[in-house]
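In: got a sequence here, can you model it:
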Amino acid sequence: MGSRLTVTVMALLAGLAVAPVHVLAQSADGTNASASKVLASGGTGFNVAAVRSLLNRGDSAVASGNLDQAKTDYDNARTAAKQLLAFYRDLSGAFRGLDARIPREMDSKGREALSLLAQANLRLAALFRRQNQPEVAVPVLVEVVRLMTPASTEGQKAYQSLVELGFVDTPFAGAKSPN
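Out: Down below sits the predicted model:
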């Protein structure tokens, strides 16, 4: 719990450090209320858009051949997605039975964070495979199957990778061809 809090504080501080200073200011009459939502800003806040931004940066790093930077970006995307998922679940549970709108919103955001976590895991596993580290890819792929179920597209891709690696032998008969 303490390490989650520490990582969260560090992520928040990092987001605040890169946020433009004018975003932190709010006018006295409240007319600039949306600008004060620092954590909701595009790729610099603590939200699903920031996780997408990290994934895109990792993709760019892979395309340019900078695999170490790509690993860092994908790891950061995983960490942020896991934290978001946990916080959205906590908030959803806290408001359940009090205001149905809030759990619905948090559940929706949680599903999005979960999908981004799966995408980060798949990209990280592909990076490990590219670096001839299949043993490191296996736990990441298993996590995708566990989180997303084998029936999902992400779960099917992860399980198919496990088959290709030789970690499992039996192909999933219910699988459709993943894209």
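In: need the strands for the chain, in chain order.
Out: Shown for the chain, no strands are assigned by DSSP state E.
In: residue closest to the middle of it?
Out: A81 (3.0 Å; C-alpha atoms, centre = their mean).
In: roughly how far apart are that residue and D73?
Out: To D73, A81 is 12 Å away according to C-beta to C-beta, to the nearest Å. Every residue, glycine included, has its C-beta placed from N, CA and C.
In: what's the weakest-modelled helix or strand in this structure?
Out: Least confident helix or strand of the chain, by mean pLDDT, DSSP states H and E, is helix 21-24 with a mean of 38.
In: just for this structure, where's the confidence low?
Out: Low-confidence segments of the chain (pLDDT under 70): 1-44, 175-179.
In: could you chop it up by domain?
Out: 1-46, 47-179 (automatic domain parsing).
In: most neighbours per residue, which of those?
Out: Ranked by mean neighbour count, these are led by domain 47-179 with a mean of 17 (mean count of other C-beta atoms under 10 Å).
In: helices of this protein, start to end?
Out: Counting by DSSP state H, the chain has helices at residues 2-18, 21-24, 48-63, 67-95, 101-130, 134-148, 153-165.
In: okay if I get those as TSV plus distance to P171?
Out: Shown next, in TSV, are the helices of the chain (distance: least, C-beta to C-beta, whole Å):
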stretch	distance to P171
helix 2-18	37
helix 21-24	50
helix 48-63	27
helix 67-95	27
helix 101-130	18
helix 134-148	13
helix 153-165	6
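In: A173: which of the ones you listed is closest?
Out: helix 153-165 (11.2 Å; C-beta to C-beta).
In: helices or strands next to the closest one in the packing?
Out: On a contact count with 3 or more C-beta pairs under 8 Å, 6 or more residues apart in numbering; DSSP states H and E, helix 153-165 meets helix 101-130, helix 134-148.
In: G174 is nearest to which of the helices of the chain?
Out: Across the helices of the chain, G174 has its closest neighbour in helix 153-165 (8.8 Å, C-beta to C-beta).
In: so that closest one versus helix 101-130, what angle?
Out: 20 degrees (axes from the mean of the first three to the mean of the last three C-alpha atoms, to 10 degrees).
In: from now on call the first residue 211
Out: Let's use 211 as the start, then, which means that last one is helix 363-375.
In: tell me how far the residue lying closest to G268 once chain neighbours are set aside lies from E353.
Out: Excluding the flanking residues, the one nearest G268 by C-beta to C-beta, 6 or more residues apart in numbering is D283, at 3.5 Å. Taking C-beta to C-beta as the measure, D283 falls 18 Å from E353.
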